[in-house]
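# Only the shape, not the letters, is given here:
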């Protein structure tokens, strides 16, 4: 079976691992990165069906990850994760090509639904 | 001769020897004394050196021990973190229906009992788990957040936080308040509310934010009779956390317009605008007679934003003896809630010597539509250079 590949970029260890666990449980093939630099290198090395990225990241921020991914593959959908009060950052991310966003704290169930919708489309 | 010489010599010898001897003695004594003092100095130096070396070695050993303890703690924390990650991720990501099954409840209880026995006996371990639960709860909402809340209580971690509320350190108290509020421990609400008037501003903010989310009856009661100044930072914190509570719990903020605490009045005027409480227009109009310029300016601004046409007379009355800051806000408000009736007033302000007032009046005229536009066009040819320039500037489409 061809598993859909998802990249998670999140600097918070516990949150990243929890998301990884959840998405693996749902049957996705998950790659996880802890910072923007590592994410950009990973994006260069392989392709993904969907990317979930936090906006506040060490080295390269989420916006740079979004820009880099969209320059490489315009079709890959991106969901950005952000904190309350950073709506301007979300707007910038949408301008750069992000497809959806979720504000922390977010419901993992809702995230699953959004992932399914974006991967289908 | 020789005898004489000898005699002389003898004499001289007998005369000179004692003095030479005493000089040598003196010199010897001096050298000896010098040597003695140098020796003492050397001894002192040696003792100091030994002390310094001992101090250095003990410092080095302490440093190494501290480093190893730190390393050991980090390693231990990392190991524990992995165990907790397994526990938490295994429990929180389950569907609502799954949670209610006996099978899930049983296996969850088994895991919890195992963790209680093995990892949660000492306080340090419990604190690490608390940190993890709080962090996950900060990031996840919905069912996962509810599971975390239940788990936090089942493991009796809330008792640790409740104990910390009695700490003499306000920082520890503030963290405990935040944690209990975040994890929605409603039993702790009265204890948290008591800290909403604490003398320490950080603890006070945390307790007030907690009251917003936990006090079902009257979440803003901490504003009653509150004498503490609400700083801008404090107001931002409260406003940001109001998003967490339902609209039905929001009070009519005009309730505090008569507060003797100006910072509370100012905050409530801002919130009246934030939550579109148009019913408060009559109370806002009354605030135009307030003793504080800042409150009058804010009330005028909100009346303008609400397009409160009924407020025009009161705004014009307040304008008469107002400060420049208030006048600017009133002109701005007239621009938003005024009609063509107010054009003569605004034109009068346009001809003021104060350029900030004149500019604001020109901007207000532009908002008032065709009649205001005509006044600006006419004044763009005014012989008064400043007035003409202001009108041209405002009419220039590139600036709009």
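Perfect, thanks for sending it. Computed from a predicted structure; not experimentally measured.
# ok now do the residue lying closest to residue B:362 once chain neighbours are set aside, which residues does it touch?
Excluding the flanking residues, the one nearest residue B:362 by C-beta to C-beta, 6 or more residues apart in numbering or on different chains is residue B:394, at 4.3 Å. The way it works is simple: take the backbone N, C-alpha and C, and place the C-beta from them, glycine included. Residue B:394 is in contact with B:359, B:362-363, B:365-366, B:376, counting by C-beta atoms under 8 Å, 6 or more residues apart in numbering or on different chains.
# I'd like to know how far residue B:394 sits from chain A.
29 Å (C-beta to the nearest C-beta, to the nearest Å).
# three-state assignment of that residue?
helix (DSSP: H, G, I helix; E, B strand; the rest coil).
# So for it, what pLDDT did the model give?
On the pLDDT scale, residue B:394 is placed at 86.
# can you check residue B:8 too?
At residue B:8, pLDDT is 43.
# Next: residue B:84.
Per-residue pLDDT puts residue B:84 at 82.
# what are the phi and psi values for residue B:185?
Dihedral angles of residue B:185 (phi, psi; degrees, to the nearest 10) stand at phi -90, psi 90.
# Next up, the contacts around it.
B:152-153, B:158, B:161-162.
# For chain A, state which of these is nearest.
If you rank the contacts of residue B:185 by distance to chain A using C-beta to the nearest C-beta, residue B:152 comes first, at 14.9 Å.
# so what secondary structure elements neighbour the helix or strand hosting the closest one?
Secondary structure from DSSP states H and E places residue B:152 in helix B:142-154. In terms of contacts (3 or more C-beta pairs under 8 Å, 6 or more residues apart in numbering or on different chains; DSSP states H and E), helix B:142-154 is packed against helix A:108-120, helix B:2-92, helix B:96-99, helix B:123-139.
# going on from the third one, what's the next piece of helix or strand?
It stands for helix B:96-99. On the C-terminal side of helix B:96-99, the nearest following helix or strand under DSSP H and E is helix B:102-118.
# now that next one: how far from the chain's centre is it?
40 Å (C-alpha atoms, centre = their mean, to the nearest Å).
# so where's the stretch 301-400 of chain B shaky on pLDDT?
For the stretch 301-400 of chain B, applying pLDDT under 70 flags the ranges B:400.
# need the helices for it, in chain order.
B:312-319, B:324-337, B:343-350, B:355-367, B:370-379, B:385-395 (DSSP state H, counting those that start in this stretch).
# For residue B:173, which of these is the nearest?
For residue B:173, the closest of the helices of the stretch 301-400 of chain B is helix B:324-337, at 39.3 Å, according to C-beta to C-beta.
# any weak-confidence spans in chain B?
Applying pLDDT under 70 to chain B flags residues B:1-21, B:94-100, B:400.
# For the residue in it that chain A sits nearest to, which non-adjacent residue is spatially closest?
At 3.2 Å from chain A, residue B:142 is the closest residue in chain B, using C-beta to the nearest C-beta. Nearest residue to residue B:142 in three dimensions, chain neighbours excluded: residue A:107, at 3.2 Å (C-beta to C-beta, 6+ apart).
# show me the contacts for the one you found.
B:140-144.
# circling back: next structured bit after the helix holding residue B:152?
Next element after helix B:142-154 (DSSP H and E): helix B:157-164.
# got the buried residues for that following helix?
Buried residues in helix B:157-164, counting neighbours by 16 or more other C-beta atoms under 10 Å in any protein chain shown, are found at B:157-158, B:160-162, B:164.
# One more: stretch A:18-28?
Buried-residue list, stretch A:18-28, by 16+ other C-beta under 10 Å: A:18-23, A:28.
# what do you get for stretch B:111-127?
Those would be B:112, B:115, B:119-120, B:125-126, for stretch B:111-127 by 16+ other C-beta under 10 Å.
# Quick one: the residues you listed as a markdown table, columns for distance to chain A too.
A markdown table is the format used below for the buried residues of stretch B:111-127 (distance: C-beta to the nearest C-beta, whole Å):
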| residue | distance to chain A |
| --- | --- |
| B:112 | 18 |
| B:115 | 16 |
| B:119 | 16 |
| B:120 | 18 |
| B:125 | 16 |
| B:126 | 17 |
